[in-house]
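J.: Got a sequence here, can you model it:
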Amino acid sequence: MIIKELNGNKPKFGEDCFIAENAVIIGEVEMGNQCSIWYNAVIRGDVHYIKLGNKVNVQDGAVIHATYKKSPTNVGNNVSIGHNALVHGCTIHDNVLIGMGAIVMDDCVVESNSIIAAGAVVTKGTHVESGAIYAGVPAEKVKDISQELISGEIDRIANNYVKYSSWYKD
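T.: As a prediction, the model looks like this:
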């Protein structure tokens, strides 16, 4: 793994986190407890800060970045950022699933209990309402989320990644 201090900013980690051997975490990055950063994931806090809450999983190949002096990246609790997703200069609230290959651009706000579908492109400044599923290019609301999807997908995936990461810690 590459964990690198840059311009006096050193990444900070909560308790019980897993960082894959080839993950890259640079600069002003802070994460909570029970986070997992998977293979080939990059979290680059070089141009602005990046904050991750508790129980965030950043899956293989995902990239989290920000915009220089303008748009930091804030991620809440119980968030899954899918394989090869790009999260850039935006705010992701609690209990969110960002699907595989999705892109969330600068100044977007993704409210709690929401899903960004795989491959969706959430364009700059979009406000994703709580309890919605957004899909497509550009991403638009396709339906309201059910309680079954909140527990069956958002919670299940976040909890599974805490379990998966435990397999790698021994």
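J.: who touches Asp155 in this structure?
T.: When contacts are counted by C-beta atoms under 8 Å, 6 or more residues apart in numbering, Asp155 is found next to Asn78, Asn95. All C-beta atoms are positioned from the backbone trio N, CA, C, and that covers glycine.
J.: ignore the last one, His93
T.: By C-beta under 8 Å, 6+ apart, the contact list for His93 reads Gly76, Val109, Val110, Glu111, Ser112, Ser114, Ser130.
J.: Counting neighbours, which of those residues end up buried?
T.: Judged by neighbour count, with 16 or more other C-beta atoms under 10 Å as the criterion, the buried members of those are Gly76, Val109, Val110, Glu111, Ser112, Ser114.
J.: follow-up on the earlier one: of the contacts of His93, which belong to helices?
T.: Among those, no residue falls in helices (DSSP state H).
J.: show me where the protein has helices.
T.: For the chain, the helices identified by DSSP H occupy 147-149, 156-168, in order along the chain.
J.: Indicate which one of the ones you listed is closest to Asp60.
T.: When the helices of the chain are compared for distance to Asp60 using C-beta to C-beta, the nearest one is helix 156-168, at 11.3 Å.
J.: list the buried ones in the closest one?
T.: By neighbour count on 16+ other C-beta under 10 Å, the buried set for helix 156-168 is Ile157, Ala158, Asn159, Tyr161, Val162, Ser165.
J.: looking at the chain, which helix or strand is least sure?
T.: Lowest mean confidence among the helices and strands of the chain (mean pLDDT, DSSP states H and E): helix 147-149, at a mean of 83.
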